[in-house]
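>>> Whatever this is, show me its structure:
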Amino acid sequence: MTLTVSDIMTTDLVKLTKEASLQDAHNITREKGIRHLPVVEQETGKLLAIVTQKNMIAKVNSALTLYGGSALAEQETRTGIMEVAVTDYDTVDRNQPLVDIAPFFLQNKHGCLPVVDEQARLVGIITSSDFVKLSVQLLQERENS
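Numbering: from 1, shown residues only. Below is the predicted model:
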C-alpha cells in the first residue's frame, strides 16, 4: 500500500485572506497553536501565500526594535499580512506518494507544504508534524505486531 499526501494531510484549516493583519495572524497562532497560516483568495479559495511563525517572529522583532514594546500592538494592526507572507513556495498534490515528499522536507527544511488542486485552490496542508505522527503510528503498529 502506497501512502499519499491525502493520507496524512490536514484539511480542517484556519485560513487568512489578504485583508488580514499581522495582529490577526499573531492572535490565531497564539490561540490555536498553529505555526503555518495559508492566505487564500476569499472568493475562489486559491492559495496566495503562506505565513510562517518564523516570518511573524522576524516581523515582530523588527517592529519591537523600531517602535518599542508600547507601540507593538498598533504596528501589528497596521501591518498587512501580505507584508509578512511568503509568496514563493512549493506545493504538492494530494495524490503524491509520501515517499516522494518526505525527502523534500529534509532537504529544504520546510515546515509545511500546501496541498492544492488543479486550479491552485487550497485543499490541505502537510507539515513535518504530520510525518512525526505517521512515524509514531507506524512504530506503534510495529510494536503491536
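>>> Could you check which helix or strand contains the nearest residue to Ala102 once chain neighbours are set aside?
Closest residue to Ala102 apart from its sequence neighbours, by Cβ to Cβ, 6 or more residues apart in numbering: Phe131 at 6.4 Å. To be clear about C-beta, it is placed using only N, CA and C from the backbone, and glycine gets the same treatment. Here Phe131 sits within helix 128-144, counting by DSSP states H and E.
>>> Off-centre distance for that helix?
21 Å (Cα atoms, centre = their mean, to the nearest Å).
>>> What of stretch 34-42?
On the basis of Cα atoms, centre = their mean, stretch 34-42 sits 7 Å off its chain's mean C-alpha point.
>>> Quick one: end-to-end length of it, please.
20 Å (Cα to Cα, to the nearest Å).
>>> what's next to that stretch, contact-wise?
13-18, 20, 25, 28-29, 46-53, 81-82, 85, 111-112, 114, 121-122, 125, 127 (Cβ atoms under 8 Å, 6 or more residues apart in numbering).
>>> Can you pull out the low-pLDDT segments for the chain?
Nowhere does the chain drop to pLDDT under 70.
>>> Give me the most central residue, this protein.
Note on the chain: the residue nearest the mean C-alpha position is His36, at 2.7 Å, using Cα atoms, centre = their mean.
>>> how near is the residue nearest to Ala102 to Lys32?
Plainly put, Phe131 is 20 Å away from Lys32 if you go by Cβ to Cβ, to the nearest Å.
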